[in-house]
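*Asks:* Show me how the following folds:
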Amino acid sequence: MIRLSIDVSSLASNTATNILCNFINGELLRQLKVESVEYLNQQLWDLNKQGIKFIEHMKCNFDVEIGVQMLLDHHIKMVEGFCLWSGDSDFADPLSQLLQDGKKVSLFATARRIASELSELSKDDLAIYEIKKIREFIAP
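*Replies:* Predicted coordinates:
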């Protein structure tokens with residue numbers, strides 16, 4: 001869960017968009033009438049008076065779910081290796097475990113987007129392939 005502030009006590013005026021821009025696309029916010037912005041800020045102010053200064057937003061944990069599933073699947077004897085198309089550091093622990101368990105793991109990502117934790121796993125035989133080089137090889 002991510003806590004998102006809706007505390008409008010710091011707003012300079014009721015037409016300020018400082019808080020609203022966290023929830024409404026900037027382009028859309030610029031299209032709203034001043035009265036609409038004032039109304040939305042008043043609604044936030046009313047919530048603040050009730051003691052509500054933040055809302056909780058569920059963060060997507062899709063990368064964590066993928067990592068967990070990889071660890072569950074690696075116990076299947078037929079699975080020899082894994083290919084992951086991400087440079088996200090959230091995968092460091094699952095990939096490290098897979099490598100320790102003797103699985104072949106290949107990582108495909110953009111060079112500047114590979115987390116250092118993943119780069120360090122190359123010493124443990126993590127095969128890292130840079131996507132741009134693959135594209136240039138396939139379609140010169």
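*Asks:* Every contact and neighbour count from this point should use C-alpha atoms.
*Replies:* Fine.
*Asks:* For this protein, just list every one of the helices.
*Replies:* Counting by DSSP state H, the chain has helices at residues 26-31, 34-49, 62-73, 92-100, 116-119, 131-138.
*Asks:* okay, those in TSV with mean pLDDT, mean neighbour count and distance to T110 next?
*Replies:* Shown next, in TSV, are the helices of the chain (pLDDT from 0 to 100; neighbours: other CA atoms under 10 Å; distance: least, CA to CA, whole Å):
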stretch	mean pLDDT	mean neighbour count	distance to T110
helix 26-31	92	11	29
helix 34-49	95	16	41
helix 62-73	80	14	17
helix 92-100	92	18	16
helix 116-119	93	17	12
helix 131-138	80	11	5
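*Asks:* Same list, those helices, but as JSON lines with distance to A109 please.
*Replies:* As requested, these are arranged in JSON lines below (distance: least, CA to CA, whole Å):
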{"stretch": "helix 26-31", "distance to A109": "30"}
{"stretch": "helix 34-49", "distance to A109": "42"}
{"stretch": "helix 62-73", "distance to A109": "14"}
{"stretch": "helix 92-100", "distance to A109": "14"}
{"stretch": "helix 116-119", "distance to A109": "11"}
{"stretch": "helix 131-138", "distance to A109": "5"}
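*Asks:* nearest to F108, of those?
*Replies:* Taking CA to CA, helix 131-138 is the member of those nearest to F108, at 6.0 Å.
*Asks:* For that closest one, give me every contacting residue.
*Replies:* If you take CA atoms under 8 Å, 6 or more residues apart in numbering as the criterion, helix 131-138 is touched by F108, A109, T110, A111.
*Asks:* Recalculate using a threshold of 6 Å.
*Replies:* With CA atoms under 6 Å, 6 or more residues apart in numbering as the test, helix 131-138 has contacts from A109, T110.
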